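Chemist: sequence-free structure coming up:
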């Protein structure tokens with residue numbers, strides 16, 4: 001186990017790291033030391049951290065004023081992938097999911113860590129995206145789920161009600 005490796009499920013990492021990422025941009029919300037891991041795979045990594053214990057000089061600190069941060073909004077729109085993995089006792093993952101969907105470009109994918117613990121965020125995101133769930137063990141051998149919301153639902157996909 002590498003302490004810099006993200007604490008996402010092994011099943012997710014096995015799948016995701018086969019994706020061509022070298023020309024992509026990642027915005028990580030709640031990065032901790034994993035931003036160093038992601039720098040090996042992405043062209044650009046923009047790391048936000050709200051925990052002073054993890055904050056390093058190459059991360060961007062954020063506070064509850066993130067909604068007023070125009071650079072944060074710009075970076076969300078720039079991203080190909082966004083990982084929501086912040087400390088939920090400060091700002092909930094549901095709040096970040098709502099905010100992210102307002103500013104993200106429609107081709108971007110959102111990764112929600114521990115989606116089985118953050119069902120309000122999970123349910124919100126699945127109203128806008130198709131998703132793939134990756135249950136399994138994380139790097140500390142705890143069972144959890146990492147969810148990838150990767151294709152935005154739009155008018156091409158017709159959802160009928162009452163057919164079943």
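Modeler: Yep, it's here. Bear in mind the structure is a predicted one, so any value in this text is a computation, not a measurement.

Chemist: ok, residue 16 to residue 132 distance?
Modeler: As for residue 16, its distance to residue 132 is 10 Å (criterion: CB to CB, to the nearest Å). Backbone N, C-alpha and C define where each C-beta goes, glycine included.

Chemist: what's the overlap in contacts for the two?
Modeler: Common neighbours of residue 16 and residue 132 (criterion: CB atoms under 8 Å, 6 or more residues apart in numbering): residue 148.

Chemist: so the residue nearest the centre of the chain: helix, strand or coil?
Modeler: Centrality entry for the chain: nearest residue to the mean C-alpha point is residue 83, 1.7 Å, by CA atoms, centre = their mean. Three-state call for residue 83 (DSSP: H, G, I helix; E, B strand; the rest coil): strand.

Chemist: tell me the bridge partners for it.
Modeler: On the basis of DSSP bridges, residue 83 is bridged to residue 28, residue 111.

Chemist: surely it meets residue 28?
Modeler: Yes: using CB atoms under 8 Å, residue 83 makes contact with residue 28 at a distance of 4.6 Å.

Chemist: what is the least confident helix or strand in this structure?
Modeler: Ranking every helix and strand in the chain by mean pLDDT, DSSP states H and E puts strand 60-61 at the bottom, with a mean of 86.

Chemist: what residues of the lengthiest helix in the chain count as buried?
Modeler: The longest helix of the chain (DSSP state H) is helix 93-103. Neighbour counts over helix 93-103 (16 or more other CB atoms under 10 Å) mark 93, 94, 95, 96, 97, 99, 100, 101, 103 as buried.

Chemist: repeat that for stretch 111-128.
Modeler: 111, 112, 113, 114, 115, 118, 121, 122, 124, 125, 126, 128.

Chemist: got CSV for those, with secondary structure and distance to residue 41 too?
Modeler: Formatted as CSV, these follow (DSSP: H, G, I helix; E, B strand; the rest coil; distance: CB to CB, whole Å):
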residue, secondary structure, distance to residue 41
111, strand, 13
112, strand, 19
113, coil, 17
114, coil, 21
115, coil, 21
118, coil, 24
121, helix, 24
122, helix, 25
124, helix, 27
125, helix, 23
126, helix, 26
128, coil, 25
